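Student: Below are the sequence and a predicted model for it; my questions follow.
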Amino acid sequence: MKKVRTLWSAALLMLGLCLLVAPRAAKAQVGGTTDLSTDWSLRLGVFFLHNGDLGFSGMIERRVHYSPEYDITLGIGYNGLNSVYSVPIMLNIIGKHDNVRYGGGVGYSFGKRTEGPSFTGVAFDVILGYQLTHGRNPMNLDLRWYFITGASSELDGPSLTWGIQF
């Protein structure tokens, strides 16, 4: 059973990566570019584990749709500390009003809990952020609260990340 779960995890990860770099996703942009070397963001910060420990949070995501009112991004990340971690693959919709960013998303996550076997499950997040700079490489600060099914709430919690688009 564990091998089947690992196989499905790998298959979904590959599907997500294929969708991430698919040329047709870039063509769906409004006011964007079809160049696959642009519209990437790197997010780095801290993750607050359910037990109060402070861990690492990181994500690489690509904007697959752009409009003045909202963006749609697809990304893969990491939230955790030592042997307790979650690897979410997320599709997010991020609304924009002035410099405020807000939104949420859904995806798939796999990882390792404190005790017991590894897990796979559905992931949700809620986003509230602020656009720090505009221009060639805009930067932002996001508070993202993750809800991970299958992890007994120990990997639910907020991450505070700084992001830069390149």
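Tutor: Yep, that arrived. For clarity, every value in this text was computed on a predicted model and none was experimentally measured.
Student: my read is residue 155 is in a helix, agree?
Tutor: No - applying DSSP: H, G, I helix; E, B strand; the rest coil, one finds residue 155 to be coil, outside a helix.
Student: so it sits right up against residue 49, yeah?
Tutor: Yes - with contacts counted by Cβ atoms under 8 Å, residue 155 reaches residue 49, the gap being 7.3 Å. C-betas here are computed from N, CA, C, even on glycine.
Student: quick one: contacts of stretch 117-125?
Tutor: The contact list for stretch 117-125 (Cβ atoms under 8 Å, 6 or more residues apart in numbering) reads 2, 5, 8-9, 86, 88-90, 92, 104-113, 144-151.
Student: how about that stretch as PDB, C-alpha atoms only?
Tutor: C-alpha atoms of stretch 117-125 as PDB (Å, rounded to 0.1, in the frame of the first residue of the first chain):
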ATOM      1  CA  PRO A 117       4.200   6.900   8.500                       C
ATOM      2  CA  SER A 118       4.500   9.600   5.800                       C
ATOM      3  CA  PHE A 119       1.300  11.200   4.600                       C
ATOM      4  CA  THR A 120      -0.300  12.500   1.500                       C
ATOM      5  CA  GLY A 121      -3.400  14.700   1.300                       C
ATOM      6  CA  VAL A 122      -5.200  17.800   0.100                       C
ATOM      7  CA  ALA A 123      -3.700  21.100   0.900                       C
ATOM      8  CA  PHE A 124      -5.400  24.500   1.300                       C
ATOM      9  CA  ASP A 125      -4.000  27.900   1.900                       C
END
